[in-house]
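K.L.:
Here is my input, please return the structure:
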Amino acid sequence: MPRSKNLLPNLGAFLDMLAYSEGTIKYGKDDGYNVIVGGSLFSSYAAHPKKLVQLNAKLKSTAAGRYQLMARYYEPYKIQLHLSDFSPISQDAIAIQQIRECKAMTDISVGNIEKAIALCAHIWASLPGAGYGQRENKLTDLITYYKSKGGTINGG
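P.N.:
Numbers count the residues shown, from 1 in each chain. Purely as a prediction, here's the structure:
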């Protein structure tokens, strides 16, 4: 679950759904916050680990943390959001800012989750329709997980 306090239930459930989709929650014992792409773990939250991982013959990535933030985005968000580290609270703040930038916050708050997922797909490669050539999760699976974490769907 997100470490940030006082999140609206739908936003907390959406963040949990992102971590589920990215696959980070199945590694380690810190709810995905210390995961490097591919499943290895990092031990310090002082900064983004910036480790380049060769995932296959054509794909390298520096993604890390619960929401798999690419290293090149860490410093700009750190400055913009006045963050001191890459701690779980900082990772939540960055993911929430990315959701805002996707203009998906209103859809999340009112339960238009299918639309919110589509709006965020260009950020998170595991979301359906992302189009990065990586594994994309099924929309129905993501909605089921989102609901299991207390998220509500508009109209039900």
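K.L.:
Excluding sequence neighbours, find me the nearest residue to the most centrally placed residue in the chain.
P.N.:
The centre of the chain sits closest to Tyr67, judged by Cα atoms, centre = their mean, with a distance of 2.8 Å. Excluding the flanking residues, the one nearest Tyr67 by Cβ to Cβ, 6 or more residues apart in numbering is Ala95, at 4.3 Å. Where C-beta positions appear, they are placed from N, C-alpha and C, glycine not excepted.
K.L.:
which helices and strands does the one helix or strand that neighbour maps to pack with?
P.N.:
Here Ala95 is covered by helix 88-101, with elements defined by DSSP states H and E. Packing partners of helix 88-101 (3 or more Cβ pairs under 8 Å, 6 or more residues apart in numbering; DSSP states H and E): helix 9-22, helix 71-80, helix 113-120.
K.L.:
which residues sit against it?
P.N.:
2-4, 11, 14-15, 18, 30-31, 33, 45, 65-67, 69, 73-74, 77-78, 80-81, 83-84, 105, 108, 116, 120, 123 (Cβ atoms under 8 Å, 6 or more residues apart in numbering).
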